[in-house]
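# Fold the following.
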Amino acid sequence: MAMLRVLAVDDEVPALSELAYLLRQDARVEHVTTASDGGAALQDMVQMIASGDRLDGVFLDVRMPGLDGIDLARLIGGFPSPPRLVFVSAHDCAVQAFELEAVDYLLKPVRPERLAEAVRRLWAAVAPSPGEEATDIIPVDLAGRTKFLGRQEVCYAEAHGDYVRLHTADSAYLVRMSLAALERRWGGSGFIRAHRSTLVNVRHVSELRFDAGRVVLQVGAKVLPVSRRHTRQVREQLVRQFRTGPLAAADDR
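Numbering: from 1, shown residues only. Reported below is the predicted structural model:
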């Protein structure tokens, strides 16, 4: 693929200069544009779109006067083909970054090796190599600290009002977002809706079977019901995913 073209946005001149310098040192980055506030960044992006220039990613400070990074990110999300986001902040914004579907977020002062990892994630998100899927890192707040989960660690997710509870093999974590939003984000990455309140990672499904007249999924030690509305879609997708073994046999019943 072509090298990355990115925009760096920060109202602090030294921080912006350092970020732009480090980005330009990365062999995967072809071009770096800078903006010193959210309004200027938005104007630059509109001009790029109008002139047909490609913009792959925006490295975005969160707290800026006027149009701050969060508001700008929401505006960017409304673009026809929005660039991917990487938040850069002196404050913990992991949960907001996840809600706004950011590729990554960096804490200031930015370390070169951590920025290189963010560029790698941006590169993978823009154009994954054949057979490679970009890893979605999920930040979860835990009593003043942030834990990072890889998307494929999640076995299934359950709706809990305005939150989603993410279940891994040995724990569960609350994230503030809707199950519908999570499905839009992960639907193309092996997650399927089994019930109006459940989203399941097919990689963790070991069995599909009938139990007391209803279809259920075995996900680790947990048995999850499949609603009648979603049964056909779940069966078809699982059989496509697993051509042999108990899932295919269940489909033949």
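# quick one: what helix or strand has the nearest residue to Ala35 once chain neighbours are set aside in it?
Among residues not flanking Ala35 along the chain, Ala41 sits closest, at 3.8 Å (Cβ to Cβ, 6 or more residues apart in numbering). In this view, the C-beta of every residue, glycine as well, is placed from N, C-alpha and C. Assigned by DSSP states H and E, Ala41 falls within helix 38-51.
# can you give me the helices in the stretch 51-200 of the chain?
69-76, 94-99, 112-126, 179-186 (DSSP state H, counting those that start in this stretch).
# Report all helices and strands that the third one contacts.
By that I understand helix 112-126. Applying 3 or more Cβ pairs under 8 Å, 6 or more residues apart in numbering; DSSP states H and E, one finds that helix 112-126 contacts strand 4-9, helix 13-24, strand 57-61, strand 84-89, strand 104-107.
# Need these in TSV (columns: distance to Gly161, mean neighbour count and mean pLDDT).
Output for these, formatted as TSV (distance: least, Cβ to Cβ, whole Å; neighbours: other Cβ atoms under 10 Å; pLDDT from 0 to 100):
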stretch	distance to Gly161	mean neighbour count	mean pLDDT
strand 4-9	34	24	95
helix 13-24	38	16	95
strand 57-61	29	27	94
strand 84-89	26	23	90
strand 104-107	25	20	85
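# Distance to Val175 for those - can I get that in TSV?
Formatted as TSV, these follow (distance: least, Cβ to Cβ, whole Å):
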stretch	distance to Val175
strand 4-9	26
helix 13-24	28
strand 57-61	21
strand 84-89	16
strand 104-107	15
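# Glu207 is nearest to which of those?
Comparing the helices and strands packed on helix 112-126 against Glu207 with Cβ to Cβ, the closest turns out to be strand 104-107 (35.5 Å).
# and that closest one, how far out from the chain's middle?
13 Å (Cα atoms, centre = their mean, to the nearest Å).
# And stretch 145-155, by the same measure?
The chain centre lies 11 Å from the centre of stretch 145-155; the measure is Cα atoms, centre = their mean.
# Surely Ala118 and Val86 touch.
Yes. Ala118 is within contact range of Val86, at 5.1 Å (criterion: Cβ atoms under 8 Å).
# Just want the angle from the helix holding Ala41 to strand 4-9.
150 degrees (axes from the mean of the first three to the mean of the last three Cα atoms, to 10 degrees).
# Helix 38-51 to strand 57-61, inter-axis angle?
Using the same axes, to 10 degrees: helix 38-51 against strand 57-61 is 170 degrees.
# Helix 38-51 packs against which elements?
strand 4-9, strand 29-35, strand 57-61, helix 69-76.
# Could you export the ones you listed to CSV, including columns for distance to His160?
Output for those, formatted as CSV (distance: least, Cβ to Cβ, whole Å):
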stretch, distance to His160
strand 4-9, 34
strand 29-35, 38
strand 57-61, 29
helix 69-76, 24
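# With mean neighbour count added, can I get the helices of the stretch 51-200 of the chain in JSON lines?
Listed next are the helices of the stretch 51-200 of the chain as JSON lines, based on neighbours: other Cβ atoms under 10 Å:
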{"stretch": "helix 69-76", "mean neighbour count": "19"}
{"stretch": "helix 94-99", "mean neighbour count": "20"}
{"stretch": "helix 112-126", "mean neighbour count": "18"}
{"stretch": "helix 179-186", "mean neighbour count": "16"}
